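In: I would like the atomic coordinates for the input below:
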Amino acid sequence: MTSTEAFWNVLREFRDDTLIIQIILTIAASISVRLILFRPGKRTDSFTKIFLSLRLHGTESPVLSSTAARV
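Out: Residues are numbered from 1 along each chain as shown. Model (predicted):
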């Protein structure tokens with residue numbers, strides 16, 4: 001097996017492992033956008049805040065990581 005085949009196999013496995021989560025996130029994002037456009041209000045704000053906080057939980061800020069890399 002060449003290194004490129006190993007690379008593509010890793011990507012294929014990652015895609016297969018995360019497909020359900022990607023579908024759920026896409027549906028939740030589309031619901032959030034529809035609510036923002038057609039039903040603004042406190043419930044929409046709450047849903048959007050919860051969605052974004054769950055979506056961005058555990059991700060590293062590019063600004064903070066680039067600042068830390070310079071130090």
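In: For the residue positioned nearest the centre of the chain, pull up the helix or strand it's in.
Out: With distances taken as C-alpha atoms, centre = their mean, the chain has residue 55 as the residue nearest its mean C-alpha position (5.2 Å). Residue 55 is part of helix 42-56 when elements are defined by DSSP states H and E.
In: got the buried residues for that helix?
Out: Buried residues in helix 42-56, counting neighbours by 16 or more other C-beta atoms under 10 Å, are found at 44, 47-48, 51. Every C-beta, even on glycine, is put in place using the N, C-alpha and C of the backbone.
In: what helices or strands is that helix leaning on?
Out: Other helices and strands packing on helix 42-56, by 3 or more C-beta pairs under 8 Å, 6 or more residues apart in numbering; DSSP states H and E, are helix 3-38.
In: same for the helix it packs on, what does it pack against?
Out: Helix 3-38 sits against helix 42-56, with contacts defined as 3+ C-beta pairs under 8 Å, 6+ apart.
In: Give me the distance between residue 45 and residue 51.
Out: With the distance defined as C-beta to C-beta, to the nearest Å, residue 45 ends up 11 Å from residue 51.
In: do the same with residue 57
Out: Counting by C-beta to C-beta, the gap between residue 57 and residue 51 amounts to 11 Å.
In: Repeat that for residue 32.
Out: 5 Å.
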